[in-house]
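Asker: what's the 3D shape of this:
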Amino acid sequence: MMPLSTQVAWLFLLAIPVACIAWTVTHEEIFKEPHDYCVKQSKQQKTLLARKFFYLFTCEYCFSHYVTIFILILTSYQFLMDDWRGYLLAGFSIVWVANIYMGLFGLIRIDLKKERLEAQEEEERLNKK
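Answerer: Modelled structure (predicted):
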């Protein structure tokens, strides 16, 4: 079993690719068409299971669980315990940290977008003079 400090470092490091993948798939322009398709299907499918399946590709929190499962399979990372409970704790812990990262990233993006808009308005105002 890894020392606790190493486990915590792994926790915060593994949450980075989880957050990156989940955010990219659910928010970024490169996945716009599949995202829009999944949004439409999550509202129009007849069965609850089909609607929920498509919904998981539109919600960064939901999708982060599946990305985390994939990361856990790749890394065999366990948190605090050396059995199935370690995987369970690792999974929920990584999702929690990844969603903190995504929340902070979302706030930063909003702030940057606001600054860009203010700069653009100021530039337009100066060009009118």
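
Asker: need the helices for this protein, in chain order.
Answerer: Ranges of helices in the chain, per DSSP state H, are 4-27, 32-44, 48-55, 60-75, 84-128.

Asker: Switch those over to JSON lines; also include mean neighbour count.
Answerer: Bear in mind the C-beta positions are built from the backbone N, C-alpha and C, glycine included. JSON lines is the format used below for the helices of the chain (neighbours: other CB atoms under 10 Å):
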{"stretch": "helix 4-27", "mean neighbour count": "17"}
{"stretch": "helix 32-44", "mean neighbour count": "13"}
{"stretch": "helix 48-55", "mean neighbour count": "13"}
{"stretch": "helix 60-75", "mean neighbour count": "17"}
{"stretch": "helix 84-128", "mean neighbour count": "14"}
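
Asker: Using TSV, lay out those together with mean pLDDT.
Answerer: As requested, those are exported to TSV (pLDDT from 0 to 100):
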stretch	mean pLDDT
helix 4-27	95
helix 32-44	94
helix 48-55	93
helix 60-75	95
helix 84-128	91
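
Asker: how much space between Phe31 and Leu80?
Answerer: Per CB to CB, to the nearest Å, Phe31 is found 34 Å from Leu80.

Asker: How about Leu104?
Answerer: Using CB to CB, Leu104 is found at 25 Å from Leu80.

Asker: again with Ala119
Answerer: Separation of Ala119 from Leu80 (CB to CB): 47 Å.

Asker: do the same with Asp36
Answerer: 40 Å.

Asker: Just the C-alphas of stretch 57-72, formatted as CSV.
Answerer: Extracted in CSV, the C-alpha atoms of stretch 57-72 (Å, rounded to 0.1, in the frame of the first residue of the first chain):
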residue,chain,number,x,y,z
PHE,A,57,-22.7,12.7,-22.2
THR,A,58,-24.2,16.2,-21.5
CYS,A,59,-23.4,16.5,-17.8
GLU,A,60,-19.8,16.9,-16.7
TYR,A,61,-20.6,15.5,-13.3
CYS,A,62,-22.3,12.4,-14.6
PHE,A,63,-19.7,11.8,-17.3
SER,A,64,-16.9,12.2,-14.8
HIS,A,65,-18.0,9.1,-13.0
TYR,A,66,-17.5,7.0,-16.2
VAL,A,67,-14.2,8.6,-17.0
THR,A,68,-13.1,7.9,-13.4
ILE,A,69,-14.0,4.2,-13.8
PHE,A,70,-11.9,4.1,-16.9
ILE,A,71,-9.0,5.8,-15.1
LEU,A,72,-9.3,3.4,-12.2
